[in-house]
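**Student:** Need coordinates for the below:
(2 chains)
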Protein chains: 2
Amino acid sequence: MRSVSIIGIGQTPVAEHWNRSLRDLAVEATLAAIRDAGVERIDALFVGNMASGLLCQQENIAALIADYAGLRGIEAIKVEAACASGGAVVRAAHLAVASGAHEVVVAVGVEKMTDVGIDGVTSALATAADADYEAAQGVTFTALNALLMRLYMERHGYRRADFAPFVVAAHENARANPNAMFREPVTVEDFLESPLVAEPISILDSAPICDGAAAVVLCPTERAREFTQRPVRILASATATDTIALAPRKDPLWFDAAYASAHRAYQQANLSPADVDFFELHDAFTIVSALSLEAACFAERGQGVRFALDCNIHRGGKLPVCTQGGLKARGHPVGASGTYQIVEAAQQLRGEAGENQLRDCHVAMAQSIGGMASVAVTHILGV
Amino acid sequence: MRSVSIIGIGQTPVAEHWNRSLRDLAVEATLAAIRDAGVERIDALFVGNMASGLLCQQENIAALIADYAGLRGIEAIKVEAACASGGAVVRAAHLAVASGAHEVVVAVGVEKMTDVGIDGVTSALATAADADYEAAQGVTFTALNALLMRLYMERHGYRRADFAPFVVAAHENARANPNAMFREPVTVEDFLESPLVAEPISILDSAPICDGAAAVVLCPTERAREFTQRPVRILASATATDTIALAPRKDPLWFDAAYASAHRAYQQANLSPADVDFFELHDAFTIVSALSLEAACFAERGQGVRFALDCNIHRGGKLPVCTQGGLKARGHPVGASGTYQIVEAAQQLRGEAGENQLRDCHVAMAQSIGGMASVAVTHILGV
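**Tutor:** Sure, this is the predicted structure:
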């Protein structure tokens, strides 16, 4: 397998883009990444997206985006892995370059969620659960995560307030990110007073419904310096799955797909959790942040929330997470979020993270989680 | 790039499977292919599907199918390229093995179309066109193809009856295929008397709405004989795109994506059209068959229908097509059709095509077309 590097990154602001379509957003991010890479020729386009059919009445979006990005004719394929689609598309693009089939490819994650009402979005998101045995019972994604959070609190003795650090840190990091949706600070009091969606999950435990697109350009590592002085190497790219439904799991508080994909990534990169300088984790809900920290072996079981309470996840902490605001505050356009994570990790590794720049960071992990953690895609990046 | 071979094939019958779900069908085909390959371990699962979100309210189907096929934990990703999804998934799986990332992978194409009414299916299929500039005008896929057929007839001087050979041959080939949906013969008279859907397209010009799944197991060619005495080698795998909408094309009667993907495939395999023994083409409508023959360079422009009228496409003809009934008579579960083509091509090359077995066939081409030929995936297989 050829080593693969990121030579270009691009993104749109995350927002409710009432005046922009899925294709507008995807094209903007794609062209920004191509411009950033300074490449003249693209061999293939991979598009990550969860639910354009339900949300925009548009499938076949890889051909569509290739067409509107001025890349007509090239290979173009859409990849879907629920909310992990944005990570999965980088994995697919990585395989295309690693194989030798292509030299320079774009992976773009995009989601346009605000063209349908809240019921439409809730139904579309529920398609990532088991349609026949979960969603058909009327259980929303938030409700499923609420079950997890309640169980976690009871088993490990936490209160709602203990989850606040994830949210406070995310909003703090988003403040200086011009592409973030929520740039205002949030306090522990704000968190405690925010309205409940599905007890114990409140509005501020939850990532927002929004629109956005992010893209990376990949090429073989051995050619990366032809295009940029700041290549970011993909040290590992790994996907794993778990049961589609929550019920059959021995322990619903253990994200086995997240663990397995992180484990495979550590093996590929020949690194351990101690080598990771920061972690772009999938904070769709605060409980997911906690369980992700545990699954990726940064915290012991039941200690994910404690890890945050102990001030480890902030800039300057032991393991900064969601350094540009994460899904919570940068925003969570579902099929794009995993690609935003990788773009933001590359920004840090390139030293272009602005006020959020970490010192001495050389190794990043980005983990994108889909469904009820039924699929996870983990990348380790390095410079 | 490592050479990749097919070591196992599986399929469900194509039908209106009222009593079976998407997962049932996908699991059946997946397990049949694994059984056929005789492998004990699968490293990754790629799922091709066009519109499970709209048709079944289920996304995240790669994790779902991995779970229900007993492959929980492995890498699993869904690939979508409209009606070419069944070809695209083999392409994605091919890259995964060619790269060296995986040794033994399954590609399964699946579509469950009959859980929604005809309006729901028509809307879902329309998402492969340009949602904003075509589908929003109320143009269905059949109507778009009717425009092409009308133009083709006028430009090249054909009558409706001239398209009959595609349909007669498809139904004749389906007769002995136990997995085909329509096994009864059709005459030229039947064709001429069949009700019009969108003039000049009749019911019998059109592939049916149906359910089905087909799967292949791939591994590196150098390991293929560990598992089977009848490996089928993937000599080429190529995808190309065109405009998403029909209107911007210089010539709507030229399928540029189909041409480009076939051209790339010929180059990869170092073969020419004369080397191809049979062609599993994408006969979603008779006009698509004609234009595919032209785009893949088996007939001159305007001569695709003439090629069929001259008795070239039947068994024993110069270039047998759709040797097990094609999309028209075997059936067209959209996201699965491209995988069925490859399974059927492998059957022929392995000498397992039953009454439909061709003599002396060594090289097959399978071409899957999505949207208004806005994407095409071409494989060349050989023994």
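**Student:** And the strands in the stretch 151-300 of chain A, which stretches?
**Tutor:** For the stretch 151-300 of chain A, applying DSSP state E, counting those that start in this stretch gives strands covering A:196-198, A:201-202, A:211-220, A:232-241, A:278-280.
**Student:** got it, and the stretch 1-150 of chain A?
**Tutor:** For the stretch 1-150 of chain A, the strands defined by DSSP E, counting those that start in this stretch occupy A:4-11, A:44-48, A:75-80, A:105-112.
**Student:** looking at these, which is closest to chain B?
**Tutor:** Proximity to chain B (CB to the nearest CB) singles out strand A:75-80 among the strands of the stretch 1-150 of chain A, at 4.0 Å. For every residue, glycine as well, the C-beta is placed using N, CA and C.
**Student:** and the gap between the residue nearest the centre of chain A and B:Phe182?
**Tutor:** The C-alpha lying nearest the average C-alpha coordinate of chain A belongs to A:Gly338 (CA atoms, centre = their mean; 2.7 Å). Using CB to CB, to the nearest Å, one obtains 43 Å as the distance from A:Gly338 to B:Phe182.
**Student:** Enumerate every residue touching A:Val89.
**Tutor:** A:Val89 makes contact with A:Phe46, A:Val47, A:Gly48, A:Val79, A:Ala107, A:Val108, A:Gly109, A:Gly338, A:Thr339 under the criterion CB atoms under 8 Å, 6 or more residues apart in numbering or on different chains.
**Student:** Kindly recompute the last result at 6 Å.
**Tutor:** Taking CB atoms under 6 Å, 6 or more residues apart in numbering or on different chains as the criterion, A:Val89 is in contact with A:Phe46, A:Gly48, A:Val79, A:Ala107, A:Gly109.
**Student:** Just the buried ones from those, in PyMOL syntax?
**Tutor:** A single PyMOL command is used to select the members of the contacts of A:Val89 judged buried by 16 or more other CB atoms under 10 Å in any protein chain shown:
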select buried, chain A and resi 46+48+79+107+109
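**Student:** Keep the contacts of A:Val89, but drop any that are not near chain B.
**Tutor:** Intersecting those with the contacts of chain B gives A:Val79 (criterion: CB under 6 Å from any CB of the partner chain).
**Student:** now, among the contacts of A:Val89, which is nearest to A:Ala15?
**Tutor:** Compare each of the contacts of A:Val89 with A:Ala15 using CB to CB and the shortest gap goes to A:Gly109, at 15.7 Å.
**Student:** Per-residue pLDDT of that closest one, please?
**Tutor:** A:Gly109 is assigned a predicted lDDT (pLDDT) of 98.
**Student:** Near the nearest residue to A:Glu172 once chain neighbours are set aside, how many residues? Count them for me, please.
**Tutor:** In this structure, A:Glu172 finds its nearest non-sequential neighbour in A:Pro185, 6.2 Å apart by CB to CB, 6 or more residues apart in numbering or on different chains. For A:Pro185, the tally of surrounding residues (other CB atoms under 10 Å in any protein chain shown) stands at 12.
**Student:** hang on, A:Pro185 packs against A:His171?
**Tutor:** Yes. Judged on CB atoms under 6 Å, A:Pro185 makes contact with A:His171 at a distance of 5.4 Å.
**Student:** Tell me what the residue nearest to A:His282 when sequence neighbours are not counted is bridged to.
**Tutor:** Nearest residue to A:His282, sequence neighbours excluded (CB to CB, 6+ apart): A:Ile369, at 4.1 Å. Beta-bridge partners of A:Ile369, counted by DSSP bridges, are A:Ala376.
**Student:** low pLDDT regions in chain A?
**Tutor:** Nowhere does chain A drop to pLDDT under 70.
**Student:** Outline the domain layout of it.
**Tutor:** Domain assignment for chain A, taken from automatic domain parsing, gives A:4-117+A:210-232, A:139-198+A:233-382.
**Student:** ranges for the helices of the stretch 101-250 of chain A?
**Tutor:** For the stretch 101-250 of chain A, helices defined by DSSP state H, counting those that start in this stretch occupy the ranges A:118-126, A:141-156, A:164-174, A:188-193, A:221-227.
**Student:** List the buried residues for the shortest one?
**Tutor:** This points to helix A:188-193. Residues A:Asp190, A:Phe191 are the ones in helix A:188-193 that count as buried (16+ other CB under 10 Å).
**Student:** So which elements touch it?
**Tutor:** Judged by 3 or more CB pairs under 6 Å, 6 or more residues apart in numbering or on different chains; DSSP states H and E, the packing partners of helix A:188-193 are helix A:164-174.
**Student:** could I get the helix it packs on in CSV with only the CA atoms?
**Tutor:** As requested, C-alpha coordinates have been extracted for helix A:164-174 and formatted as CSV (Å, rounded to 0.1, in the frame of the first residue of the first chain):
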residue,chain,number,x,y,z
ALA,A,164,-20.8,20.4,31.1
PRO,A,165,-17.1,20.5,30.4
PHE,A,166,-17.5,19.0,26.9
VAL,A,167,-19.9,21.8,26.0
VAL,A,168,-18.1,24.6,27.6
ALA,A,169,-14.8,23.6,25.9
ALA,A,170,-16.4,23.1,22.5
HIS,A,171,-18.0,26.6,22.6
GLU,A,172,-14.8,28.1,23.8
ASN,A,173,-12.9,26.5,20.9
ALA,A,174,-15.5,27.6,18.4
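**Student:** Before I go, just wanted to say thanks for your time.
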